[in-house]
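# sequence below, structure please.
(2 chains)
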Amino acid sequence: MLNKIKTNKVASIAILLVAAVVAVMLRERYLALILCFICINSIAVTGLDILFGYTGQVSFGHAGFYAIGAYTSTLLAKNFGLNPLFTIIIGMIVSMIFGIIVAFPAAKLVKHFLSLLTIAFGQMVFMFVSVTDKLTNGYSGILNIPDVSIFGYPIKSNQAYFFFLLIITGLVLLFKRNLINSRVGRAFIAIRENPHAANGIGINVRFYKIVAFAASAMLTGLAGALYAHLVGFISPDTFMATQSNLFMTMLLFGGIATFLGPVIGSAILVVVTELMQSLVSYQMLMYALFILAVLFYLPNGVVGIAKWAKEMLTTKRQGKSRVNTTEYHN
Amino acid sequence: MLTLQNITIKFGGLTAVNEVTAAIETGVIFGLIGPNGAGKTTLFNIISGVYAPTSGTVLFNDQNITGLPPYKINALGISRTYQNINLFSKMSVLENVMVGCHTQSDSGIFASVLRTKAQQIEENTIKRKSIEILEFMNLADKVNYTASNLSYGEQRRLEIARALASAPKMLLLDEPAAGMNGREKEELSETIRKINAKGITILLVEHDMKLVMNVTHQICVLNYGKKIAFGDPEQIQKDENVIAAYLGGGIDV
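Okay, here's the model as predicted:
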């Protein structure tokens, strides 16, 4: 009982702290923009987590889905004047369809072969948006992407957009948790743990691998579309292989196959990237350092440390109480 | 229940299983024995769909299941365990069995994401059923353990529990006693009989002769991929071909 109150206290203090930071950040346009980026990356990385963390299929080409979502939504909103709220959903669906197309060959591959295939996919999308001048305006990119509007009220400020993103991120996280704690989620994890046994126990491995790809591509496509309407400008530069690596770094650093890992990883990496703006040419080096840190010291990411610390604290407390009881008996 | 007709499988030049024909009746405990490399596990893999035979047919309840993928064969009612333990090692004991219920449930992706009423009811049923199976397999106190933290014998029992979760009509046990001590083996014989008493036909591959002779109703003996004997345990123990295969035949001078 006492423990429960204590953890509740810790949790509420943490939430209050985060809320205070958010409130301060929301007072300034630039800081609010960072909050928006954290939300968008959380959604994209959650998508990657479903694929890599839970189903065990690696992808170094998620920038491709990010680009498909962004360009689909942008082109439809700009060229046909459709409501961005509607085009974002279409962007999601188109990205999902591409996910299924990639999954058909990908579901047969594992490890480095799958890495190569996904890298190739990311590069293909990047090349496509770079060279199709007529459709995507090539390297110059697309300017003046319309704002999202809800019931006729356009969401113009970063602050308002943040609340819009907060709701979507919350829903995405909730849906992901539901999915993982279900028959489908168990099938995903079973495939990651032992594909042969999963097949033997009645799971159609190929089908669920494709489902995971579809869900993953859909979420990353959603993030891409949200990004386009936030920034108002997209160009191929945003969707280079670096972006795929950044998603992977966020996921690994936050903690794979965890509920909050993608959010924590996104928050830390976005903030660090913003702080290092002046050293932009060293960005890849910095991501490499993050990955090395994960490989050598944090196999389960930041969430892994938090869990470890919690375990240490509880065993320490239990240890103490055990000592106390022996003293009492003496 | 299960009929094998002239099953042959060749890996390159090696004929691992050669023209094996056998019929397993409903409700029996059927033993499959033979020296190392006789093709027992290969035959298991053919029945469970891991390999497609080079020639021959497998009939299950008069349905041709030759060459179907493993997940379809499992859905039809044939479940198996593995010689080298194949658990989902990072999942909990309960989750392992819950995964086993996959073919016995049908909530789709959308029902799962939205947590519909029907999906929640189904989840609760799966959980209850899994706990029942774990109680049956004497693992109820280990429900929340991670599978890899169980002892060897417990892991073997968990494999059987997971196989039972798919409500099989026929259970294939591939060397379930390997690595078990004497007491565990006795408990295993008891468990096999209890599973059989539920009306599940059992096909057992095992090297422990005491266990096989003790528990099976019929035995088929393989050597170098060929069937050399078939009968009840007493007949098999007296069969000259079998004795020759295990101990070496007389020397022809």
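# what segments of the stretch 51-200 of chain B are helices?
For the stretch 51-200 of chain B, the helices defined by DSSP state H, counting those that start in this stretch occupy B:70-76, B:93-100, B:109-114, B:117-136, B:152-165, B:182-197.
# again with chain A
A:2-26, A:29-48, A:62-80, A:84-106, A:111-131, A:133-136, A:158-180, A:183-193, A:195-200, A:205-231, A:241-254, A:261-275, A:283-296, A:301-329 (DSSP state H).
# quick one: work out the angle between the third one and helix A:205-231.
Just to be clear, that refers to helix A:62-80. If you take axes from the mean of the first three to the mean of the last three C-alpha atoms, to 10 degrees, helix A:62-80 sits at 50 degrees to helix A:205-231.
# for helix A:62-80, buried residues please.
The neighbour-count check on helix A:62-80 (16 or more other C-beta atoms under 10 Å in any protein chain shown) flags A:62-78 as buried. In this view, the C-beta of every residue, glycine as well, is placed from N, C-alpha and C.
# tell me how far stretch A:121-130 is from the chain's mean position?
21 Å (C-alpha atoms, centre = their mean, to the nearest Å).
# give the buried residues for stretch A:108-127.
Here stretch A:108-127 shows A:109, A:114-115, A:117-119, A:121-123, A:125-126 as buried, counting by 16+ other C-beta under 10 Å.
# neighbouring contacts of it?
Residues outside stretch A:108-127 that contact it (C-beta atoms under 8 Å, 6 or more residues apart in numbering or on different chains) are A:57-64, A:67-68, A:102, A:105-106, A:206, A:236, A:239-241, A:244.
# cool, and stretch B:240-249?
Stretch B:240-249 is contacted from outside by B:34-35, B:221, B:223, B:228-229, B:236, B:250, using C-beta under 8 Å, 6+ apart.
# for chain B, what are the nearby residues on the stretch 151-300 of chain A?
Counting by C-beta under 8 Å from any C-beta of the partner chain, the stretch 151-300 of chain A comes close to chain B at A:175, A:178-179, A:182-187, A:189-190, A:193-194, A:196-205, A:211, A:215.
# centroid residue for the chain?
The chain I'm using is chain A. Nearest residue to the geometric centre of chain A (C-alpha atoms, centre = their mean): residue A:45, 1.4 Å.
# oops, wrong one, chain B.
Central residue of chain B (C-alpha atoms, centre = their mean): residue B:172, 1.7 Å from the mean position.
# bridging residues for that residue?
Beta-bridge pairing for residue B:172 (DSSP bridges): residue B:80, residue B:203.
# please indicate which of the residues of the stretch 151-300 of chain A next to chain B are buried?
Buried members of those, counted by 16+ other C-beta under 10 Å: A:175, A:178-179, A:182-187, A:189-190, A:193-194, A:197-205, A:211, A:215.
# closest residue of the stretch 51-200 of chain A to chain B?
Of all residues in the stretch 51-200 of chain A, residue A:182 sits closest to chain B, at 3.4 Å by C-beta to the nearest C-beta.
# so, low pLDDT: which residues of the chain?
The chain I'm using is chain A. A:1-7, A:317-330 (pLDDT under 70).
# not quite, I wanted chain B
B:249-253.
# the closest residue to residue B:228 other than its chain neighbours: which element?
Distance criterion C-beta to C-beta, 6 or more residues apart in numbering or on different chains; nearest residue to residue B:228, sequence neighbours excluded, is residue B:241 at 4.6 Å. Taking DSSP states H and E as the definition, residue B:241 sits inside helix B:240-247.
# which parts of that helix are buried?
Buried residues in helix B:240-247 (16+ other C-beta under 10 Å): B:242, B:245.
# and if you look at stretch A:165-176?
For stretch A:165-176, the neighbour count (16+ other C-beta under 10 Å) marks A:165, A:168-169, A:172-173, A:175-176 as buried.
# and the contacts of it?
With contacts defined as C-beta under 8 Å, 6+ apart, stretch A:165-176 is touched by A:36, A:39-40, A:42-43, A:46, A:49-50, A:219, A:222, A:226, A:230, A:259, A:263, B:113-114.
# out of the residues you listed, who has the most neighbours?
residue A:219 (31 neighbours; other C-beta atoms under 10 Å in any protein chain shown).
# that one contacts residue A:49, correct?
No. Using C-beta atoms under 8 Å, residue A:219 makes no contact with residue A:49, being 9.1 Å away.
# thinking again about what came up before, out of the helices of the stretch 51-200 of chain B, which is the most enclosed?
helix B:93-100 (a mean of 27; mean count of other C-beta atoms under 10 Å in any protein chain shown).
# gap between the residue nearest to residue B:228 and residue B:222?
11 Å (C-beta to C-beta, to the nearest Å).
# which neighbours do these two have in common?
Residues touching both residue B:241 and residue B:222 comprise residue B:228, with contact defined as C-beta under 8 Å, 6+ apart.
# with distance to residue B:143 as extra columns, can I get the helices of chain A in CSV?
Converted to CSV, the helices of chain A look like this (distance: least, C-beta to C-beta, whole Å):
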stretch, distance to residue B:143
helix A:2-26, 22
helix A:29-48, 29
helix A:62-80, 37
helix A:84-106, 35
helix A:111-131, 33
helix A:133-136, 54
helix A:158-180, 19
helix A:183-193, 15
helix A:195-200, 20
helix A:205-231, 25
helix A:241-254, 29
helix A:261-275, 26
helix A:283-296, 32
helix A:301-329, 20
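# wait, what's in contact with residue A:29?
The contact partners of residue A:29, by C-beta under 8 Å, 6+ apart, come to A:157-159.
# burial check on residue A:106, number of neighbours?
When neighbours are counted by other C-beta under 10 Å, residue A:106 registers 23.
# thought it was touching residue A:55?
No. Taking C-beta under 8 Å as the definition, residue A:106 is not a contact partner of residue A:55, at 11.0 Å.
# can you pull the residues that touch both of the two?
Residues touching both residue A:106 and residue A:55 (C-beta under 8 Å, 6+ apart): residue A:209.
# quick revisit: residue contacts, the residue lying closest to the residue nearest to the centre of chain A once chain neighbours are set aside?
Excluding the flanking residues, the one nearest residue A:45 by C-beta to C-beta, 6+ apart is residue A:262, at 3.8 Å. By C-beta under 8 Å, 6+ apart, the residues touching residue A:262 are A:42, A:45-46, A:48-49, A:250-251, A:254.
# which one of those residues sits closest to chain B?
Comparing the contacts of residue A:262 against chain B with C-beta to the nearest C-beta picks out residue A:46 as the nearest, at 12.9 Å.
# isn't the closest one right up against residue A:218?
No. With contact defined as C-beta under 8 Å, residue A:46 does not count as touching residue A:218 (10.9 Å).
# can you flag the buried ones in the contacts of stretch B:240-249?
B:34, B:221, B:223, B:228-229, B:236.
# any chance of the residues you listed in JSON lines with secondary structure as columns?
Formatted as JSON lines, the buried ones among the contacts of stretch B:240-249 follow (DSSP: H, G, I helix; E, B strand; the rest coil):
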{"residue": "B:34", "secondary structure": "coil"}
{"residue": "B:221", "secondary structure": "strand"}
{"residue": "B:223", "secondary structure": "strand"}
{"residue": "B:228", "secondary structure": "strand"}
{"residue": "B:229", "secondary structure": "strand"}
{"residue": "B:236", "secondary structure": "helix"}
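# what's the most distant pair in the residues you listed?
Farthest apart among the buried ones among the contacts of stretch B:240-249 by C-beta to C-beta are B:223 and B:236. That separation is 12.6 Å.
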